[in-house]
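Visitor: quick check, what structure comes out for this input:
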Amino acid sequence: MRSVCFGVVAVSAAALVGVGCAAGTRSDRSAAVGAPSHAAKAMFERVKTLEGTWEMVDEKGERHVAATFTVSSNGTIVREVMFPGGAHEMTNIYHMDGPTLLLTHYCAMGNQPRMRARELRADQIAFAHDSVTNLDSPETAYMGEMTLVFTGPDTVLQEWRSIANGTRDASHDVSIRLTRRR
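Guide: Take a look at the predicted model:
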């Protein structure tokens, strides 16, 4: 996995952008019905604590705004804007879907992978592929998995993994280390 703690912003954005495109496909997914699980609801509350501006350090040691998190819609979603104001700005929406936590990544390439929290630990949430819309073809790579690791009160790590042809495509994996701006 490429560690982009953060390499050049443009390179990092291009790595996320360079793995996906347009038209629709959907995988089997377990229907999420019922009340939120206690663990999933607790993790959603933890995601809400990310509200604010987050920076990364590029390979030259320079700090850049990498993401902003905002709690919205009466506390029912968290909106993350990656690379705000940049050419490759992208949006992630975290929200509950029945008993599970869901993440939708609105990629700059025009696809929208949805990932469902499959593994919840005290310090991390592992989101796995649920479905993807607006994908050109099954061969087109897209960001289909993401692990959010809480490494400290003001530091998090996002480990993005891509999928093509229904399997992992490690050539496009990206790791993003974020530090809260004070």
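
Visitor: in the chain, which spans are helices?
Guide: For the chain, applying DSSP state H gives helices covering 9-17, 38-48.

Visitor: go through these and find the least confident stretch.
Guide: Confidence, taken as mean pLDDT, is least for helix 9-17 of the helices of the chain (a mean of 45).

Visitor: now the residue nearest to residue 106 when sequence neighbours are not counted, which residues is it bridged with?
Guide: Spatial nearest neighbour of residue 106, chain neighbours left out: residue 91 (4.3 Å); criterion: CB to CB, 6 or more residues apart in numbering. C-beta coordinates here come from the backbone N, C-alpha and C atoms, glycine included. Beta-bridge pairing for residue 91 (DSSP bridges): residue 81, residue 106.

Visitor: any idea how far residue 91 lies from residue 60?
Guide: 27 Å (CB to CB, to the nearest Å).

Visitor: so between the two, which is more surrounded?
Guide: Using other CB atoms under 10 Å, the more surrounded residue of residue 91 and residue 60 is residue 91, with 15 against 7.

Visitor: my guess is the more buried one meets residue 82, correct?
Guide: Yes. At 7.3 Å, residue 91 counts as touching residue 82 under the criterion of CB atoms under 8 Å.

Visitor: what about the closest residue to residue 162 other than its chain neighbours, neighbour count?
Guide: Spatial nearest neighbour of residue 162, excluding adjacent residues (CB to CB, 6+ apart): residue 172 at 3.8 Å. Using other CB under 10 Å, residue 172 is surrounded by 20 other residues.

Visitor: excluding chain neighbours, what is closest to residue 92?
Guide: Closest to residue 92 by CB to CB, 6+ apart is residue 80, at 4.1 Å.

Visitor: looking at the protein, which helix or strand does the model trust least?
Guide: strand 2-3 (a mean of 39; mean pLDDT, DSSP states H and E).

Visitor: please name the bridge partners of residue 159.
Guide: residue 147, residue 175.

Visitor: thinking it is in contact with residue 151, fair?
Guide: No. Under the criterion of CB under 8 Å, residue 159 makes no contact with residue 151, lying 11.3 Å away.
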